[in-house]
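Colleague: Next comes the sequence, and after it the predicted model I'd like to discuss.
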Amino acid sequence: MSLNNPSQDLIFFKDNSLISDKIINQETTTTTTTTASNNFHSYLSVITYNQSTSPNWLINGLIEDTLFGNATKSLNNHESYHQMKKKDIIIKNKKIMIISFLHNKEFYIKNCKRIGINLEEKEKEQQQQFQFIDYFNDLFINLIKNPNDSVKDINKMFDNIINSLNNDSKDDVDVIIIEGVEILLFATNITSNQLIFNINRLNKKCRQLFVVSSKECLFKNNESIGVTFSFDDPMIKINDFLIKLLHRSQLNITLEPLITGRAKDITGSLTISKGCIPYDENLSISINEKEYVYHITKDSQVKLYYR
């Protein structure tokens, strides 16, 4: 790998996409993965990261790809995107919902404005292409009254989201991104299984769910030797949650710092790998298993290179 080589576009699938149109534009099917509440397949991707490799830039790219279908062209070079003629910009008219336990709506509005996306405009449109659920500001003020007796409150939070998603196919949300949900395992008495149950319920309401979670707490094999475990320990709960989540996913994206630390011209690495559950064979899509290194510049541009 040489940083003198041209930067690469980030793609998750071999059809040169981040979110394949074959996932988003599914026809009505009847299989074991189709539920009574929808007429499409529901897929799960897991994005894990370390504290020093924040995935905010990647989430912005997924938002852009859902709304415009061109993030793979603009992720590495936003200037060329702004210079594109209006007729060349693809409007996907797909809907995305962000559920955040880490940031408020203004955070995403500001970040996406930097790459030429007006989320406020998308939110106000009749089709409401962009929806934001704020579980950051009032989480432990209004939403969860007692962290030691939280399961009913947390179930209600997920109920409210699910009930807001109309079963009418015209009102389907195509992509949901939920970030920072692991804070519930840290700060409340909910178990990993109870949280996974709610994630599964949410997954069934969209074609593509991305769960974005820190993996700082994942134990390495040698770190668990001689350690006494308690299932009430937040670290154990988060380990259990992530392992079970990865076990039922179709696609996994891992962001990590360099083993040698952060270099001047490299921020970290990104690895794309298959999950344990394959995509439906009728979709005929293949995961682009690759490893990149990436660099976030001072002006927030992202450059990616094959490793």
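Modeller: That came through fine.
Colleague: where does Ile98 fall, helix, sheet strand or coil?
Modeller: Three-state call for Ile98 (DSSP: H, G, I helix; E, B strand; the rest coil): strand.
Colleague: My guess is Lys215 contacts Tyr49. True?
Modeller: Yes: Lys215 is within contact range of Tyr49, at 6.7 Å (criterion: C-beta atoms under 8 Å). The way it works is simple: take the backbone N, C-alpha and C, and place the C-beta from them, glycine included.
Colleague: Quick check: neighbours shared by these two?
Modeller: Common neighbours of Lys215 and Tyr49 (criterion: C-beta atoms under 8 Å, 6 or more residues apart in numbering): Thr254.
Colleague: Just want to know which of these two has more residues nearby.
Modeller: Neighbour count, other C-beta atoms under 10 Å: between Lys215 and Tyr49, Tyr49 has more, with 23 against 19.
Colleague: Using the three-state scheme, assign the residue nearest to that one when sequence neighbours are not counted.
Modeller: Closest residue to Tyr49 apart from its sequence neighbours, by C-beta to C-beta, 6 or more residues apart in numbering: Leu255 at 4.0 Å. For Leu255, the assignment made with three-state DSSP gives strand.
Colleague: So what touches the strand or helix carrying Asn155?
Modeller: In the assignment (DSSP states H and E), Asn155 maps to helix 151-164. Under the contact criterion C-beta under 8 Å, 6+ apart, helix 151-164 has outside partners 97, 99, 133, 135, 143-146, 184, 188-190, 194-195, 198, 201-202, 205.
Colleague: Strands - which of the residues you listed land there?
Modeller: Among the contacts of helix 151-164, the members falling in strands (DSSP state E) are 97, 99, 133.
Colleague: What confidence value was assigned to Ile90?
Modeller: On pLDDT, Ile90 comes in at 52.
Colleague: For Ile196, give its distance to Ile98.
Modeller: According to C-beta to C-beta, to the nearest Å, Ile196 and Ile98 sit 20 Å apart.
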